[in-house]
Each structure stands twice: as C-alpha cells, then as structure tokens.
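starting from these lines, generate the structure:
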Amino acid sequence: MKSKLLLTILIISLALSISGCTDIVDKFPLPTEEAEVSSAGFGKSLTYGIIIRDFSPSQLSVDSGDEVELGLDIENVGAHDAENIAINLFQKSGFSIVSENSVSATSLLSPDLKFEQPGERLYSYWVMAAPSVSVNQQKFLKARISYDYSSLATSNIHLVSRDIYNEQGPGAFSIQSTTSSAPVSFAIYDVPPIKVSSSPLGSVDVSLNIVIRNTGSGSVSGNIQNFVVYTVRGPVRNDVTSGCSDDVSGGEVSLFGKTQERSVKCDLSLDYLEDITSYTIEVLGDYTYIMDTDPVSILVKE
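Down below sits the predicted model:
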C-alpha cells in the first residue's frame, strides 16, 4: 500500500482539555453524521471509506432448486483510494453459486470534490440455486468486503520567542488540525504555542500525542502498517517517527481491545531558527479493513 498525499481533508471540530490520552472514547465524542468539520478531532466515520449502497436479492422468495440473483453495490466515499478489494459471500445458508462476478476492480478511486466527482462504485453479483427443503425455510446470506486504505492527520506547532509571546499572547498563533475521512481516524492533540527564549537559538523538545481509533463499521485486520510521522512544513521536512513509542518505531502499530484504539506518544526535537518558527506535523498509516454486510433474507419454498 502506498500512502497518497492528494487527499480530500475533512476538518473536524474538537473542544477538549489536554490532559493525556486516557479515556479516548470520552475525549473524542463523535459529532452527528452530517457534521461539517472545523478544527481537530474525530468525525463520524461510519460512512467514510467504502460504504455499502445495496445488498439485496432479485426476489424475496424462491422455490427449491430455482435460481435467484444476489447483488452488492459498494462505493468509496472517503478521502483515499481503496486498493486490493476482495469480496466474499461467506454465509450462503445452503445456496450454491451457479455463476458470479464478485470482483471486477482492484481499486476504487476516492471522490474528487474539486470537480464534483463522486467516488468510484463496484457492483458484484452472484447467481445462486436455492437448496432443497421439505418445508418453507427463511435463509440468511452475508457478504464480506476487504480493502486496503490509508489515514492521515495534520497539526501545526509554533515555537515563539518569549517577547513576542508575551506581547501578542497565545491566541495570535492559530492551531489548525485535520483528520482525513477514513474508517480509521488519526487525530493529533493540539500543542499550544510554545514560549522559548529567543537567544540562543537551538532546538526545542516537544511532546506529541496521537490517537488512533477505529470509527468505521468494520475492523482492522492485523496492524496499522507504514506508520510515519513527518514535519512537512517548517525549516526542513523530516521523518521524526524514531521519536515515537518504541513499539511503533518500526512502522507497525497494534490497536487495543474490541474497540481497536490506542494512543501514541512522540517526543520531538524541533529546530528553533527565528522568533516565530512554525511546523506542520503529518501522521500517516496504511491498513487492511474488513466489513460485513447486514444479512439478507430469502424465503425458500418447498
């Protein structure tokens, strides 16, 4: 998987006190599904990434041995391209597959808001023969979608001389944080402007707290891969991942618990080169995401 930098960034509001990265769910409440975004935090990601537009049979009842078609329509509505898409009808309830077109694309492009183009869609279908039954029976079928996706978050950090800080106050230095729309949300706790001595110039130690949370309707398969923290704007562009927790410095991040979430702490050393030295921090990661359809019901008649 390759992290892509041409992204549609969804900016999400966050009004929190910065008191550490415990109680993640409480600190990052989800806004309403249609919330417009402005500032840092998590959006409601149940509709981010790939969504299921439709999963339904061509008819709700079928005689034993007769055929019925089952269709699945999915769409990429997130900020990143979906890759390596795999679709599997894993619950058949005795139906046998006569023919299928379960995957016809290896990637689905993300929406292009600039040109008002929606994300790409993929339609899959299965022609299935109903099992033989002695009495009428309700049968349930489910499909599973697996795909590779990426997440990104940004936030800026200001190193400000003591004199300018005291003169203008912390409110003069805006902090803008973003998280891209994806089934796994990355968010960076805002770092207030840091007041430093203007002389001598040198480096400043900064602690960065990053929260990773599965906010989609499925689950992450394995670990987050290719996890990296960059300074993308400032005096230089640097990979600063080595300053993060030991267990993520190799580029892999494991998520904890049934809710699949965790926090990552990074200790950065940033060069202070002038009275106001600003940086933009970027956090990226890739993963495989799995989601199941709700079951559909077909009545098989004797």
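
so what are the domain limits for this protein?
As assigned by automatic domain parsing, the chain contains the domains 9-45+150-289, 47-148+290-301.

weakest of those domains in terms of mean pLDDT?
With a mean of 78, domain 9-45+150-289 has the lowest mean pLDDT of the domains of the chain.

first to last residue in stretch 152-172, what's the distance?
26 Å (Cα to Cα, to the nearest Å).

just how off-centre is it within its chain?
How far stretch 152-172 lies from its chain's middle: 29 Å, per Cα atoms, centre = their mean, to the nearest Å.

shouldn't P170 be in contact with P192?
Yes - using Cβ atoms under 8 Å, P170 is in contact with P192, at 5.9 Å. Backbone N, C-alpha and C define where each C-beta goes, glycine included.

possible to save the domains of the chain as TSV with mean neighbour count?
Shown next, in TSV, are these (neighbours: other Cβ atoms under 10 Å):
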stretch	mean neighbour count
domain 9-45+150-289	17
domain 47-148+290-301	17
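
okay, the residue of the chain most remote from its centre and V211: tell me how far apart.
Computed with Cα atoms, centre = their mean, the residue of the chain farthest from its C-alpha average is S134, at 46.9 Å. Computed as Cβ to Cβ, to the nearest Å, the S134 to V211 distance reads 55 Å.

what do you get for G202?
Taking Cβ to Cβ, one finds G202 at 30 Å from V211.

likewise for R53?
Noted for R53: a distance of 30 Å to V211, by Cβ to Cβ.

how far out from the middle of the chain is the top strand by length along the chain?
Criterion DSSP state E: the longest strand present in the chain is strand 137-161. From the chain centre to the centre of strand 137-161 is a distance of 2 Å (Cα atoms, centre = their mean).

following element in sequence after it, please.
helix 162-168 (DSSP states H and E).

which residues sit against that next one?
P193, K195, V196, S197, S198, D275, I276 (Cβ atoms under 8 Å, 6 or more residues apart in numbering).

which of those residues lies closest to I85?
When those are ranked by distance to I85 (Cβ to Cβ), P193 comes first, at 43.6 Å.

list the contacts of the closest one.
Here P193 is in contact with H158, L159, V160, Y165, P170, F173, I175 (Cβ under 8 Å, 6+ apart).

farthest-separated two in the residues you listed?
Y165 and I175 (14.2 Å).

can you give me the strands in the stretch 1-150 of the chain?
Counting by DSSP state E, counting those that start in this stretch, the stretch 1-150 of the chain has strands at residues 9-10, 50-57, 61-63, 67-76, 82-91, 96-101, 107-108, 121-129, 137-161.

next one: the stretch 151-300 of the chain
Using DSSP E, counting those that start in this stretch, strands in the stretch 151-300 of the chain cover 178-180, 184-188, 194-196, 202-214, 219-233, 238-239, 261-272, 276-292, 296-301.

cheers, nothing more for now.
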